[in-house]
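K.L.:
The following block contains a protein sequence and its predicted model.
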Amino acid sequence: MADRHPRLTREDKTVEAMIRMHCRSEHHAAEGLCPDCRELLAYARERLSRCPYQEGKTQCARCLIHCYRPAIREKIRAVMRYAGPRMMYRHPIMALYHFIDGIRKEPSKPVLFARDKGRCEEKGTRVRNG
């Protein structure tokens, strides 16, 4: 996680804070996360780490590519509906950055990962750098 862009690290912390707020209120988890919310957080982190837009991304709700499975997407929407309005009081700096990230018009071009470059070269296609 040391080589991650600060934007992705910030988004990871924001999602974790929102899931924790939701779990504490809805599932009455006194300490830590319930198993369902722990699984949701792990899934969200995996999707964030595999995002093709990386640091150029907008909020996931406004993204052109929907990485989340439909059932998980509904769960994360419920979390956002609950925690979103409360973020200004509990985590105002995170809420401000999340709002600013939501203003972005559209994500930049997807990042071409090293594993994709190899596939393109095998097929004889050109790889464009942005």
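P.N.:
Ah, there it is.
K.L.:
mind listing what L48 touches?
P.N.:
Applying C-beta atoms under 8 Å, 6 or more residues apart in numbering to L48 gives the contacts L8, E11, D12, V15. For glycine as for every other residue, the C-beta is placed from the backbone atoms N, C-alpha and C.
K.L.:
for stretch 33-40, which positions count as buried?
P.N.:
Along stretch 33-40, the positions that meet the burial threshold by neighbour count (16 or more other C-beta atoms under 10 Å) are L33, C37, L40.
K.L.:
quick one: contacts for the first one?
P.N.:
With contacts defined as C-beta under 8 Å, 6+ apart, L33 is in contact with I19, R20, C23, L41.
K.L.:
neighbours around the second one, how many?
P.N.:
Using other C-beta atoms under 10 Å, R20 has 18 neighbouring residues.
K.L.:
Excluding chain neighbours, what is closest to it?
P.N.:
For R20, ignoring the flanking residues on the chain, the nearest one in space by C-beta to C-beta, 6 or more residues apart in numbering is L33 at 6.6 Å.
K.L.:
can you check M88 too?
P.N.:
In this structure, M88 finds its nearest non-sequential neighbour in A95, 4.8 Å apart by C-beta to C-beta, 6+ apart.
K.L.:
So the one you found: helix, strand or coil?
P.N.:
Taking DSSP: H, G, I helix; E, B strand; the rest coil as the rule, one finds A95 in the helix state.
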